[in-house]
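Engineer: turn this into a structure:
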Amino acid sequence: GMDAAPKFNSTPARLILFLEDVDAIADHAMLTDEQRIKAVLRYMPIKEAETWEMLDEAALPDWKKFIAAVKLLYPGCEGDRRFTHTDLKNLCAEQVHMPMASQEELGQYYHKFFKISRHLIVKKKLADLECNRLFLDGFHITTKTAIMQWLEIKLTDHHPDDPYNIKEVYNAAIFLLPSTSLLETCSEG
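Structural biologist: Below you'll find the model as predicted:
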């Protein structure tokens, strides 16, 4: 159905994954290059589709040339600079202001953090220790305090100068956060 349709949120970071999704579906459907171009334009947000349709390559039946032209519209969509250290710090700075109410919200934060930090670690632009410290620093003070207290009790031999590793912090948060938001539970009752 429509839920399985590829989605593009107009950001460089999502472009490559979106195009890979479209390619997989187009391969399965055995679409020609011309059909692929028409299909991808149907999955786009309208403002993006209008821009993509204006590309000279959109009129050609050449998928590879079309995709190359599209990528030029999104600097940073591929390569070593896809995510930056600033992206990770900004994520943590935004996240620290949002109290976490459920494991689902933890999962959303972890997913975003993992995607950016893993890229930076693989590209040797982020050290594991700094990554561990940043992950915990992204939690709202109330959640962070509870996590720290839980970890201090659980890991008695942990040196206070060393950051807890992400798995330890994540497991503590899973233990402390409800599986669903209390607000959702109350509103359903």
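Engineer: for the rest of this, base every contact and every neighbour count on C-alpha atoms.
Structural biologist: Noted.
Engineer: which SS state does the residue minimising distance to the centre of the chain fall under?
Structural biologist: By CA atoms, centre = their mean, the chain has its centre lying nearest to Lys112, at 3.8 Å. Here Lys112 is helix, with the state taken from DSSP: H, G, I helix; E, B strand; the rest coil.
Engineer: which SS state does the nearest residue to it once chain neighbours are set aside fall under?
Structural biologist: Take Lys112 and drop its neighbours on the chain: the residue closest to it by CA to CA, 6 or more residues apart in numbering is Leu91, 7.9 Å away. Taking three-state DSSP as the rule, one finds Leu91 in the helix state.
Engineer: worst-scoring helix or strand of the protein, pLDDT-wise?
Structural biologist: Lowest mean confidence among the helices and strands of the chain (mean pLDDT, DSSP states H and E): helix 182-188, at a mean of 52.
Engineer: neighbours around the residue lying closest to Thr84 once chain neighbours are set aside, how many?
Structural biologist: Beyond its immediate neighbours in the sequence, the residue positioned closest to Thr84 (CA to CA, 6+ apart) is Leu120, lying 7.1 Å away. Using other CA atoms under 10 Å, the number of residues around Leu120 comes to 21.
Engineer: what's the answer for Leu136, then?
Structural biologist: Leu136 is surrounded by 23 other residues when neighbours are defined as other CA under 10 Å.
Engineer: go through stretch 25-32 and flag the buried ones.
Structural biologist: 25-26 (16 or more other CA atoms under 10 Å).
Engineer: returning to that earlier point: from Ser10, how far off is the residue nearest to Lys112?
Structural biologist: Distance of Leu91 to Ser10, given as CA to CA, to the nearest Å: 18 Å.
Engineer: okay, the two: which has more neighbours?
Structural biologist: It is Leu91, of Leu91 and Ser10, that has more neighbours when counted by other CA under 10 Å, with 17 against 14.
Engineer: surely the more buried one is in contact with Phe113?
Structural biologist: Yes: taking contact to mean CA atoms under 8 Å, the distance of 7.3 Å between Leu91 and Phe113 places them in contact.
Engineer: checking Ala101 next. Helix, strand or coil?
Structural biologist: Here Ala101 takes the coil state, with states given by three-state DSSP.
Engineer: report pLDDT for it.
Structural biologist: Per-residue pLDDT puts Ala101 at 90.
Engineer: burial measure for it, as a count.
Structural biologist: Close neighbours of Ala101, defined as other CA under 10 Å, add up to 17.
Engineer: now Leu155
Structural biologist: If you count neighbours by other CA under 10 Å, Leu155 ends up with 12.
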